[in-house]
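[1] Structure, please.
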Amino acid sequence: MSGGLFALLDDVAMLARLAAASIDDIGAATGKATAKAAGVVIDDTAVTPQYVHGLAAERELPIIKRIAIGSLRNKIVFILPAALLLSQFLPVLLTPILMLGATYLCFEGAEKVFGMFSKGGHDSHAAPAAAGEDAEKFMVTGAIRTDFILSAEIMVIALNEVADQPFVPRLIILLVVALVITAAVYGVVAAIVKMDDIGLRLAQRSSAFVAKIGRGLVAGMPKLLSALSVIGTVAMLWVGGHILLVGTDELGWHGPYSLVHHAEELVHHVAGAGAILAWLVNTAASAVIGLVVGSVVAGVVHILPFGKKH
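    Residues are numbered from 1 along each chain as shown. I've put the predicted structure just below:
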């Protein structure tokens, strides 16, 4: 009897160790998948604050909450099931779909670059000037629609990193990625849009030091939004270009990837800075590829009848 009990306890301990190892594996894979999607996450974080810019302070957080819920619904209800079915039954399509999304990112990035340098350029993500419930609904719908594209790219990038995992761990990893990324993006967005309000309150404090910090926050808000816009644009071009670079190599066109890889090797052996220089070479090359591809797509889109602005 005691032997059977000890054997049972030993089996339970072994299962616990296996479960712990599985959790560690899932955690590591989740971190890897999330890191790979970081570039698109940066752009998602950069885009969203523009939707609530100019709104009444008391409406900012409720609208961000609605956008965050819509984003999570996009990821879990629509994108995740489709991605899992695709990876389970047609994994060969993952790379082409990833490249299609990357092309869209390059197009969006190129459009933003052109907008920065054109006098009449405008931000396609800007919120409407009108106020009221209809305007908020319009704003939230537009934000969720844009988020759908970025969320799909995030989830497919994450899926591509864990495609070799069994179905259940893959499902768990993607669920965790969806929750973590949504919470991180919209948590940061909420902090950004409330920065000026926090700064105003601090500026009214009696402490000269605290008041100075408050004024700094208020003054820094526009600069931060501008910096995020630039970072988001660069991230779109970099991520999109890198996905296209790797994707063409996986599909059999090895020339571009080999050329960039050779350039990386030339600087990789520099003492103390080789790894950083190699990363910078890859990133710069990816961004250039993204800008070139995005510019071509933008040119074609604006030539076609449905792409012409009226």
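[2] okay, CA-based contacts and neighbour counts for the rest of this
    OK.
[3] and the longest helix seen in the chain, what does it pack onto?
    Longest helix of the chain, by residue count under DSSP state H: helix 208-250. Contacts defined by 3 or more Cα pairs under 8 Å, 6 or more residues apart in numbering; DSSP states H and E place helix 208-250 against helix 38-47, helix 94-117, helix 195-203, helix 255-268, helix 274-303.
[4] Now the last one: buried residues?
    Residues of helix 274-303 classed as buried under the neighbour-count rule (16 or more other Cα atoms under 10 Å) are 274-275, 277-278, 281-295, 297-298.
[5] Am I right that Val189 is in contact with Thr45?
    Yes: between Val189 and Thr45 there is a contact at 6.2 Å, judged by Cα atoms under 8 Å.
[6] Dump stretch 70-86 to PDB, keeping only the CA atoms.
    Below are the C-alpha coordinates for stretch 70-86, written out as PDB (Å, rounded to 0.1, in the frame of the first residue of the first chain):
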ATOM      1  CA  GLY A  70     -12.000  46.400 -29.600                       C
ATOM      2  CA  SER A  71      -8.300  45.500 -30.100                       C
ATOM      3  CA  LEU A  72      -8.500  42.500 -27.800                       C
ATOM      4  CA  ARG A  73     -11.700  41.400 -29.600                       C
ATOM      5  CA  ASN A  74      -9.900  41.700 -32.900                       C
ATOM      6  CA  LYS A  75      -7.100  39.500 -31.700                       C
ATOM      7  CA  ILE A  76      -9.000  36.800 -29.800                       C
ATOM      8  CA  VAL A  77     -12.300  36.500 -31.700                       C
ATOM      9  CA  PHE A  78     -11.200  37.000 -35.300                       C
ATOM     10  CA  ILE A  79      -7.500  36.900 -35.800                       C
ATOM     11  CA  LEU A  80      -6.400  34.100 -33.400                       C
ATOM     12  CA  PRO A  81      -8.900  31.400 -34.700                       C
ATOM     13  CA  ALA A  82      -8.000  32.200 -38.300                       C
ATOM     14  CA  ALA A  83      -4.300  32.200 -37.600                       C
ATOM     15  CA  LEU A  84      -4.500  28.800 -35.700                       C
ATOM     16  CA  LEU A  85      -6.500  27.200 -38.500                       C
ATOM     17  CA  LEU A  86      -4.100  28.500 -41.100                       C
END
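[7] In that stretch, which residues are buried?
    Buried residues in stretch 70-86 (16+ other Cα under 10 Å): Gly70, Ser71, Leu72, Arg73, Asn74, Lys75, Ile76, Ile79, Leu80, Ala83, Leu84.
[8] for stretch 59-68, same thing?
    With burial defined by 16+ other Cα under 10 Å, the residues of stretch 59-68 counted as buried are Glu60, Leu61, Ile63, Ile64, Ile67, Ala68.
[9] Show me the contact partners of it.
    By Cα atoms under 8 Å, 6 or more residues apart in numbering, the list of residues contacting stretch 59-68 from outside reads Val52, Glu136, Val140, Ala143, Ile144, Thr182, Ala183, Tyr186, Val189, Ala190, Val193.
[10] out of those residues, who has the most neighbours?
    Tallying neighbours with other Cα atoms under 10 Å puts Ala143 at the head of the contacts of stretch 59-68, with 27 neighbours.
[11] Kind regards, and thank you for your time.
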